[in-house]
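Colleague: Sequence and predicted structure below; questions after.
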Amino acid sequence: MTAIVALATATGTLIGVTLTAYAKYVQARGQADADLMRARAEIMRAEADVTRARAGLPPHDPSVDDDSPASTSPAGQPHR
């Protein structure tokens, strides 16, 4: 009986350690995916800035972000 309890305890401990390690892996993977998404968004913003600079336009100012569909015409020009 003692051997069965010892085996069950060891098995439970091993399962607990495995699940803890897997949870840490999943958390780290999720963080890595979030970091990758942020990096890709930053690259897209930088590419947009390069495109604007090549076109001779001023840099985008996010504090004056009024690009809502209601405020622009189909050609992308602001309504006046």
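Modeller: Yep, that arrived.
Colleague: From here on, just use CA atoms for contacts and neighbour counts.
Modeller: OK.
Colleague: And the most centrally placed residue in the chain, how far from Ala23?
Modeller: With distances taken as C-alpha atoms, centre = their mean, the chain has Ala34 as the residue nearest its mean C-alpha position (2.6 Å). Per C-alpha to C-alpha, to the nearest Å, Ala34 is found 17 Å from Ala23.
Colleague: Can you tell me the element Pro58 falls in?
Modeller: Using DSSP states H and E, Pro58 is not contained in any helix or strand.
Colleague: what about it, neighbour count?
Modeller: 10 (other C-alpha atoms under 10 Å).
Colleague: quick one: it and Arg52 touch, right?
Modeller: Yes. Between Pro58 and Arg52 there is a contact at 6.8 Å, judged by C-alpha atoms under 8 Å.
Colleague: Spell out, range by range, the helices that occur in the chain.
Modeller: In the chain, the helices defined using DSSP state H lie at 2-54.
Colleague: low pLDDT regions in it?
Modeller: Applying pLDDT under 70 to the chain flags residues 64-80.
Colleague: re the thing from before, roughly how far apart are the residue nearest to the centre of the chain and Arg54?
Modeller: For Ala34, the distance to Arg54 equals 30 Å [C-alpha to C-alpha].
Colleague: With Ala8 instead?
Modeller: Taking C-alpha to C-alpha, one finds Ala8 at 68 Å from Arg54.
Colleague: Then Thr2?
Modeller: On the measure of C-alpha to C-alpha, Thr2 and Arg54 end up 78 Å apart.
Colleague: Show me which of these two is the more surrounded one.
Modeller: Arg54 (10 against 7).
Colleague: Run a quick neighbour tally on Gln55.
Modeller: One correction, residue 55 is Ala, not Gln. Residues near Ala55, counting by other C-alpha under 10 Å, number 9.
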